[in-house]
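> prediction below, plus the sequence it came from.
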Amino acid sequence: MIISDGTILRMIKNNEIKLELPESETLEDIQHHIVCASFDLRLGNEIKFFPERENVILNPFTTDSQTITEVKNYADDEDIVIQPGEFLL
């Protein structure tokens, strides 16, 4: 289903779409992130990624993924380059 920016905003105001905003921000502060049929998200500084490994099966229903992932903290002004085929959380 594709919904318009107006519908996204209405659904947020009616709590049909839930947002966790930083304490210092209000819905009015982030309205410019709602464009066309999308909502632009901002990521935190901690990124979990899966380094390239041979013959690894990812199963989200087990805790095994914790042993094959790495967490990296990025500075606010540091670029994050996501290569084709990479999987980040």
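Yes, it's here.
> at the geometric centre of this protein, which residue do we find?
Nearest residue to the geometric centre of the chain (CA atoms, centre = their mean): Leu43, 5.6 Å.
> sec struct for that one, please.
coil (DSSP: H, G, I helix; E, B strand; the rest coil).
> for the lengthiest helix in the chain, buried residues please.
Looking across the chain with DSSP state H, the single longest helix is helix 5-13. The neighbour-count check on helix 5-13 (16 or more other CB atoms under 10 Å) flags Ile8, Leu9, Ile12 as buried. Heads up, the C-betas are built off the backbone N, CA and C, glycines and all.
> now do the strands in the chain.
Applying DSSP state E to the chain gives strands spanning 34-35, 38-39, 46-49, 70-73.
> export the ones you listed to CSV and append columns for distance to Glu28 and mean pLDDT.
Shown next, in CSV, are the strands of the chain (distance: least, CB to CB, whole Å; pLDDT from 0 to 100):
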stretch, distance to Glu28, mean pLDDT
strand 34-35, 11, 83
strand 38-39, 15, 79
strand 46-49, 27, 83
strand 70-73, 30, 86
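> between the buried residues of helix 5-13, which sits nearest Phe39?
For these, the residue nearest Phe39 by CB to CB is Ile8; the value is 5.9 Å.
> quick one, what contacts that closest one?
Going by CB atoms under 8 Å, 6 or more residues apart in numbering, Ile8 touches Ile17, Ile34, Ala37, Ser38, Phe39.
> mind giving me the ChimeraX select for those residues, buried ones only?
Filtering the contacts of Ile8 down to the buried ones (16+ other CB under 10 Å) takes a single ChimeraX command:
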select :34
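> between the buried residues of helix 5-13, which is nearest Pro84?
Of all the buried residues of helix 5-13, Pro84 sits closest to Ile8, with 28.6 Å by CB to CB.
> mind checking how far the closest one is from Leu89?
From Ile8 across to Leu89, the span is 24 Å (CB to CB, to the nearest Å).
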